[in-house]
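Asker: Sequence and predicted model, in that order:
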Amino acid sequence: MEGVMLFLGAMTGLLTGLSAAMLIWLLRAVQRLAWGGSVEPWELLLVPTLGALLVGLWLTYVAPEPSGSGVVRTMETLALRGGRFRARVPAAGLIATSVALGTGASGGREGPIVLIGGSIGSVLGQLTAVDSERMRALIGAGAAAGIGASFNAPIGGMLFAVELILGGLRARSMQVIVVSSVVGSVTARELIGSEITFDLVQSYKLGSPWELALYLLLGLLAAAFGVGFMRLETSAIAAFRRLRARIWRPLALAVGGLGVGITAMVVPEVLGTGDGLPPIDGVRDPVQTILDGGYGIGWAAVGILLALALAKLVATMFSVGSGNAVGTFMPALFIGGALGGAFGTAAATLLPDAGIQPAAFALVGMAAGFSAAARAPLTAILIAFELTNDYGLVLPLMLTCGVATYLASLVEPDSVYTHPLRERGIVFGEPTDIDVMEAVNVSEVMTRDHPWLRREQRFDDIEALFARTSSHGFAVVDGGHRLVGVLTRADLDRVRSHLTGDRPLASLTADDLCTHDPVVVHPDEPVYTAVQRMAVLDIGRVPVVERRSNRLLGMVRRGDVVRAYQQGLNRHLGDQQRETTRDLRDLGGVILIEVAVTAVAPAVGRRVREIEWPQRTILTSVRRGGTLVMPTGDTIMEAGDEVVVLTDRTTVEAVRGLLAGTAPDH
């Protein structure tokens, strides 16, 4: 069966990668058809309005699933329907999102492609009749492939599935998700090419350690943005829900499109995803320009970037709030990047001789803004790594994303994805993501058989070893297998460029070439320590040695860090009550469900015995503020309680109505 699952994972990745490419092609075709060769001012108002009306007709009369956040819809389907999507969802999502973004709706394609990828995995799982655990793995595989294809970031896609969609992962599911993410990323890149992601033309780096203080302040700003973004989205959705109760639903979406058009009349950069804009005279793709530092230095540039952030926020609330088929992933990156760029530009203006790179602050702001809104710091950090392909900003990224996520979670426990679910009374279980790699020791994940060099080996032997392997560095040891140093490809290149004629290359040994007294870790230390030390020196590997003898035991590499993260997540799946609730099967017509009590629920403020429970309903437990309460007839229901109920299959919605007060909005 595991071989079948790997095949299904590869097929999910392939079909999701094809879908990601198809979405881009369809989006461009709609954009050419809708906007023509040169955009007139009146088109900025008309095209988004008509496009939203068409999407509203599609969502109302053909398929409602692509409405709103694809990530939320995927999580909801996992929680309520065992991950079983209808077969029409992939095609319906492609059509709705391409029309929405092609006509200028403010949003991203990443959320919709997560929905499309997850539904592809679900359909394949249903065709092969897999069990619920494998179904979850295939949906996670589709989501990972979607993000991997969108950013050419397979590791980021994998962690997105782990952190957000599945809330944890069993070891046997890991292979399926990794295969799918890699296949999806490669497929989309081969079909679309480098255009699928941003063209980062400059090298980002940390100028000096004192800049970390600025990045710390940026983390505070990103945290405020993350909380504000979630609350504004909630308010916008509620406002449009009230509007839909009074007018025809497609017309409500058209009102959202009109709002985007009015905003675009002032700031046309808000249209679409922020890259690949319609042909508007004098307007550049804002995200690429922000990452290039193209808005310049000075207070005028700060004003432009803040205006972009505010306008994009307003336009996104119109699109997402009205229920258009767009996601919030890219807007969070756009706005976070604009705020980070504004912050960095202000710092560079105030400190002109400090060598501050505003574009570096923009990239870190992107990652931190998304991390604070979605509570997915590792996904944000690794996507930034894969976009830049170096570790130049690893410390600022880790610091800023960590601070932003922590502070945002203190103010608002729910993320931009889990809050809409909790409002509907749906508890989406996810383990704690903070410091998961502190639960895994270096000895558990290190590469023990990594090749090494003897200190007396000559240059020709060293070059031959580099040529035979894909490694970028080796440990150098003495006769007692004690660590002498580390030799990398960069060391060889440096020697070639600086060697004089006094000593030929062939006479040099590994001892001559290596970096002595390197940073090391010990087998009983947590992997988090290795990550920190790798980050400080911008290296991709660190030797593992015995504490007393300094004897080489192995090497910790980037791939080992990813494996450690997966192990750490598994160890955080300790909530037995939630696990049991999720895995219990139908017991003679009754099932266990978990519901979050909302402030508007009929049960709030009432004693258990006063609530009109349906027949065959038993209240089994209440989790309140992290404490488990065994309910009695005198227990009073409070908003925020997480309640586990045993009830008849036919009365599930009635119980949800009592405890949540609202039904899912389709």
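Answerer: That came through fine.

Asker: When you work out contacts or count neighbours from here on, use the C-alpha atoms and nothing else.
Answerer: OK.

Asker: Could you list the low-pLDDT ranges of the stretch 551-666 of the chain?
Answerer: Applying pLDDT under 70 to the stretch 551-666 of the chain flags residues 565-590, 626-627, 662-666.

Asker: should've said the stretch 1-150 of the chain
Answerer: Applying pLDDT under 70 to the stretch 1-150 of the chain flags residues 1, 80-82.

Asker: can we see that at 90?
Answerer: 1-4, 36-41, 68-70, 75-84, 86, 110, 129-136, 150 (pLDDT under 90).

Asker: Which stretches in it count as helices?
Answerer: Read by DSSP state H, counting those that start in this stretch, the stretch 1-150 of the chain holds these helices, from start to end of the chain: 2-35, 41-61, 70-81, 89-102, 110-127, 132-151.

Asker: Deepest in the core, which of these is it.
Answerer: With neighbours taken as mean count of other Cα atoms under 10 Å, the helices of the stretch 1-150 of the chain reach their highest mean count in helix 132-151, at a mean of 32.

Asker: need the strands for this protein, in chain order.
Answerer: With strands called from DSSP state E, the chain shows them at 452-454, 473-477, 483-488, 515-516, 541-545, 552-557, 590-596, 618-624, 627-629, 642-648.

Asker: got TSV for these, with mean neighbour count and distance to residue 531 too?
Answerer: Formatted as TSV, those follow (neighbours: other Cα atoms under 10 Å; distance: least, Cα to Cα, whole Å):
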stretch	mean neighbour count	distance to residue 531
strand 452-454	22	21
strand 473-477	25	17
strand 483-488	24	17
strand 515-516	16	19
strand 541-545	25	9
strand 552-557	23	9
strand 590-596	22	37
strand 618-624	17	35
strand 627-629	13	34
strand 642-648	22	36
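
Asker: among these, which is nearest residue 145?
Answerer: Judged by Cα to Cα, the one of those that comes nearest to residue 145 is strand 552-557, at 23.6 Å.

Asker: so how far is that closest one off the chain centroid?
Answerer: Strand 552-557 has its C-alpha centroid displaced from the chain centroid by 30 Å (Cα atoms, centre = their mean, to the nearest Å).

Asker: cool, stretch 546-559 as well?
Answerer: 32 Å.

Asker: From the rest of the structure, what touches it?
Answerer: Here stretch 546-559 makes contact (Cα atoms under 8 Å, 6 or more residues apart in numbering) with 442, 445-450, 477, 480-483, 522-523, 530, 540-545.

Asker: Need the distance between the two termini of that stretch.
Answerer: One end of stretch 546-559 sits 22 Å from the other (Cα to Cα, to the nearest Å).

Asker: picking that back up, redo the strands of the chain as CSV? Include distance to residue 326.
Answerer: What follows is the strands of the chain, written out as CSV (distance: least, Cα to Cα, whole Å):
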stretch, distance to residue 326
strand 452-454, 50
strand 473-477, 44
strand 483-488, 45
strand 515-516, 50
strand 541-545, 40
strand 552-557, 37
strand 590-596, 27
strand 618-624, 34
strand 627-629, 38
strand 642-648, 30
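
Asker: Quick one: closest of those to residue 50.
Answerer: Checked against Cα to Cα, the stretch from those lying closest is strand 590-596, at 38.2 Å.

Asker: Run the angle between that closest one and strand 618-624 for me.
Answerer: Interaxial angle of strand 590-596 relative to strand 618-624 (axes from the mean of the first three to the mean of the last three Cα atoms, to 10 degrees): 30 degrees.

Asker: With only the CA atoms kept, save strand 590-596 in CSV.
Answerer: The C-alpha trace of strand 590-596 is given here as CSV (Å, rounded to 0.1, in the frame of the first residue of the first chain):
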residue,chain,number,x,y,z
VAL,A,590,-23.6,8.0,16.9
ILE,A,591,-20.3,9.9,16.5
LEU,A,592,-18.1,12.2,18.5
ILE,A,593,-17.8,15.8,17.4
GLU,A,594,-15.8,18.8,18.7
VAL,A,595,-17.4,22.2,18.6
ALA,A,596,-16.1,25.6,19.8
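
Asker: Against which helices or strands is that strand packed?
Answerer: helix 576-583, strand 642-648, helix 652-660 (3 or more Cα pairs under 8 Å, 6 or more residues apart in numbering; DSSP states H and E).
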